[in-house]
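K.L.:
quick one, what's the 3D model for this:
(one chain, ligands or ions: 1)
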Amino acid sequence: MADAPVVDILMYHSISDAAGATSIRPEVFSAQMKAIAEAGIPVISLDALVESRRMGALLPPRSIIITFDDAYQDFADTAWPILKQHGFGAMVYVPTDHVGRAESWDGANKPPRRIMDWATVRRLAEEGVEFGSHSVTHSDLTMLADDTLSIELNVSKAEIEDQLGRTIHHFAPPYGMSNDHVVSMAAGIYRTAVGTQLGQVRSADNLNDLPRIEMFYYTSIGRWKAHLSGDGAGYLRKRRFWRTVRRYVPGL
Ligand SMILES: [Zn+2]
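P.N.:
Numbering: from 1, shown residues only. The predicted structure is shown next:
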């Protein structure tokens, strides 16, 4: 029997020369995208993943979904032109209270980065970029009472829908912080949510707690090409192990 399809959901934040683990240099991003094109692995949408589950539609043996958290202006300026060169789509998760301003949430970069304004979001949506919610305020949702959590999940969705005139089906929790309660609340509102897990999506994975691939681990193009060619499983396992250890051993 053939192996079940595997989907890599790539996680990006900023594409810029800024320091820090949430920033990838434009030339590295460009090389990562070129490697996907050369490997011939199709870039699909989250909607296609949902459809494959609902309708039993066939996915290719391997495919890729490209996502960006925080909706930074550098997505519009730098990432999207590179994606367009390859004909790749992308999902951008928007923290709605921060649109058109500089990021100001806990742990924001210094200096703060600008978030796209609504005019830019609307223009990109017309060009084919997909948008999802990244909450209203960019808070750790696991710390909130239910009424506040409900506002974070529902109001962000409604605001993006108002701006774009289309239904928003996808969610990413800020900081990747989630738990069973957040997952189940979001599952009543959104078709998919990405979660805290590092890894590749397989057919048994919950659409409301999808694993992603942290692209900062793949700034070495050789390592990224190895992953794309199917030789990267050992490396991913090791990263997942250390990430779990760090979660339980604070300060490591
Ligand atoms: Zn974020």
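
K.L.:
spatially central, which residue of this protein would that be?
P.N.:
Thr67 (3.3 Å; CA atoms, centre = their mean).

K.L.:
in a strand, it, correct?
P.N.:
Yes. Assignment of Thr67 by DSSP: H, G, I helix; E, B strand; the rest coil places it within a strand.

K.L.:
in contact with the closest residue to it other than its chain neighbours, which residues?
P.N.:
Nearest non-adjacent residue to Thr67, counting by CB to CB, 6 or more residues apart in numbering: Met91, 4.5 Å away. Any C-beta I mention is one placed from the backbone N, CA and C, and that applies to glycine too. If you count contacts by CB atoms under 8 Å, 6 or more residues apart in numbering, Met91 has them with Ser45, Leu46, Ile65, Ile66, Thr67, Phe68, Glu130, Phe131, Gly132, His170.

K.L.:
mind doing that once more with 6 Å?
P.N.:
Leu46, Thr67, Glu130, Gly132 (CB atoms under 6 Å, 6 or more residues apart in numbering).

K.L.:
which pLDDT value goes with it?
P.N.:
For Met91, the pLDDT comes out at 98.

K.L.:
and it, backbone torsions?
P.N.:
Backbone torsions of Met91, given as degrees, to the nearest 10, read phi -110, psi 130.

K.L.:
and the next element down the chain from the longest helix seen in the chain?
P.N.:
Longest helix of the chain, by residue count under DSSP state H: helix 146-164. Sequence order places strand 170-171 as the next helix or strand after helix 146-164, per DSSP states H and E.

K.L.:
what is the burial count for the residue in the stretch 101-250 of the chain that the ion sits nearest to?
P.N.:
Nearest residue of the stretch 101-250 of the chain to the ion, counting by CB to the ion: Pro174, 4.7 Å away. When neighbours are defined as other CB atoms under 10 Å, Pro174 has 22 of them.

K.L.:
just Gly40 next, same as before
P.N.:
Neighbours of Gly40 (other CB under 10 Å): 9.

K.L.:
quick thing: my sequence starts at 38, can you match it?
P.N.:
New numbering, starting at 38: the last item is Gly77.

K.L.:
just the contacts of Met128 that are near the ion?
P.N.:
Among the contacts of Met128, not one lies near the ion by CB under 5 Å from the ion.

K.L.:
now stretch 54-61: buried residues?
P.N.:
Neighbour counts over stretch 54-61 (16 or more other CB atoms under 10 Å) mark Ala55, Thr59, Ser60, Ile61 as buried.

K.L.:
where do the strands sit along the stretch 38-187 of the chain?
P.N.:
For the stretch 38-187 of the chain, applying DSSP state E, counting those that start in this stretch gives strands covering 43-49, 51-52, 60-61, 99-106, 128-131, 167-170.

K.L.:
quick one: the first one to strand 99-106, angle?
P.N.:
Think strand 43-49. Orientation of strand 43-49 against strand 99-106 (axes from the mean of the first three to the mean of the last three CA atoms, to 10 degrees) gives an angle of 20 degrees.

K.L.:
need phi/psi at Val238.
P.N.:
Taking degrees, to the nearest 10, you get phi -80, psi 130 for the backbone angles of Val238.

K.L.:
run the contact check for the longest helix of the chain versus the ion.
P.N.:
No. Applying CB under 5 Å from the ion, one finds helix 183-201 out of contact with the ion, separated by at least 12.2 Å.

K.L.:
dump that helix to CSV, restricted to CA.
P.N.:
What follows is helix 183-201, C-alpha atoms only, in CSV (Å, rounded to 0.1, in the frame of the first residue of the first chain):
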residue,chain,number,x,y,z
ASP,A,183,-14.0,32.1,28.4
ASP,A,184,-15.7,35.4,27.6
THR,A,185,-12.4,37.0,26.7
LEU,A,186,-11.3,34.0,24.7
SER,A,187,-14.5,34.0,22.8
ILE,A,188,-13.9,37.7,21.9
GLU,A,189,-10.4,36.9,20.7
LEU,A,190,-11.7,34.1,18.5
ASN,A,191,-14.9,35.6,17.1
VAL,A,192,-14.2,39.3,16.8
SER,A,193,-10.9,38.8,14.9
LYS,A,194,-12.8,36.6,12.5
ALA,A,195,-15.6,39.1,12.0
GLU,A,196,-13.3,42.0,11.5
ILE,A,197,-11.3,40.3,8.7
GLU,A,198,-14.6,39.1,7.1
ASP,A,199,-15.9,42.7,7.2
GLN,A,200,-12.7,44.0,5.6
LEU,A,201,-12.5,41.2,2.9
